[in-house]
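In: pasting the sequence and the predicted coordinates here, then a few questions.
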Amino acid sequence: MKKACKANLPALIFLLALLMIWQAGAMGMNASYILPTPLEILQRLWELRETLFTVHLPATMTVTAIGLAISLVLGLALAVAMDASDMVRRMLYPVVVVSQTIPTTAIAPLFVLWFGYGIWSKVLVTVLITFFPITITVYDGLRSAKTEMAELLQTYGATRREIFWKIKAPCALPYFFSAVKMAVPMSIIGAAIGEWLGAQSGLGYFSRRMMTQLDGAGVFAPIVLLSATAMIAVGIVALLERKFVRWRGESS
């Protein structure tokens, strides 16, 4: 615990310095509808706590959870398929890369037109943003398995399934957790983008509504809540990583 606190101390000091600069700059500007101070944002977050925590945060987390779950299944399936067959890799890899060249803010309104203001238009935005790092990172992890060990198992009569579970899956496990740690904040961002462009609830929707009312602190309050939620989620994934990937937890 003490070791973790010492490791995070420079980041905390740097964050505190940034907040102090922000506080001083915002007070000097004296235009809270454009740039509120951190203290004003925290005060507004407390004032809006009931609405944010009981209505809009659950809506955003529902979209995030569904989108992340679909992205995990899709990303893992694509990674395994590309690793299993060179033909599949040549067919799918360019499509996966091209999917990330689509401007999210341009296609998200189309999802709203196609699927309405319900949950699935936001889920699709989340999946579009999230599945790529999972696919590519897990694929690289599967490819990192030593071919000599796989060939050795083949000489002993091991099947492709046995080689996958004994060699490739353990090699890909650290890559998988790295992908999830990237995908979690991206899925929250994707949900917020979808809500910003078209929704009836959620933190992104609430932030956009506060902007129309020129409530600067109200715009930042759900953003702060999103950031805090993302950090907590990434921390949980890091704890799971230390539990399941023991050699990485011991070296860190």
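Out: Arrived safely, thanks for sending. Numbers count the residues shown, from 1 in each chain.

In: where in the stretch 51-200 of the chain is pLDDT low?
Out: 146-148, 150-154, 156-158 (pLDDT under 70).

In: for it, which segments count as helices?
Out: Ranges of helices within the stretch 51-200 of the chain are 57-84, 86-99, 104-115, 119-143, 147-155, 160-163, 169-197, based on DSSP state H, counting those that start in this stretch.

In: who does the second one touch, helix- and strand-wise?
Out: The helices and strands touching helix 86-99, judged by 3 or more CB pairs under 8 Å, 6 or more residues apart in numbering; DSSP states H and E, are helix 57-84, helix 119-143. In this view, the C-beta of every residue, glycine as well, is placed from N, C-alpha and C.

In: among these, which is nearest Ile188?
Out: helix 57-84 (5.2 Å; CB to CB).

In: other SSEs contacting the closest one?
Out: Packed next to helix 57-84, using 3+ CB pairs under 8 Å, 6+ apart, are helix 86-99, helix 119-143, helix 169-197, helix 203-212, helix 216-244.

In: what residues sit buried inside the first one?
Out: Buried residues in helix 86-99, defined by neighbour count with 16 or more other CB atoms under 10 Å: Arg89, Leu92, Val96.

In: didn't the second one look like it was pressed against Ala77?
Out: Think Leu92. No. Contact criterion CB atoms under 8 Å: Leu92 and Ala77 do not qualify, at 10.2 Å.

In: format the helices and strands packed on helix 57-84 as CSV; extra columns: distance to Met149.
Out: Below are the helices and strands packed on helix 57-84 laid out as CSV (distance: least, CB to CB, whole Å):
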stretch, distance to Met149
helix 86-99, 20
helix 119-143, 13
helix 169-197, 9
helix 203-212, 46
helix 216-244, 21
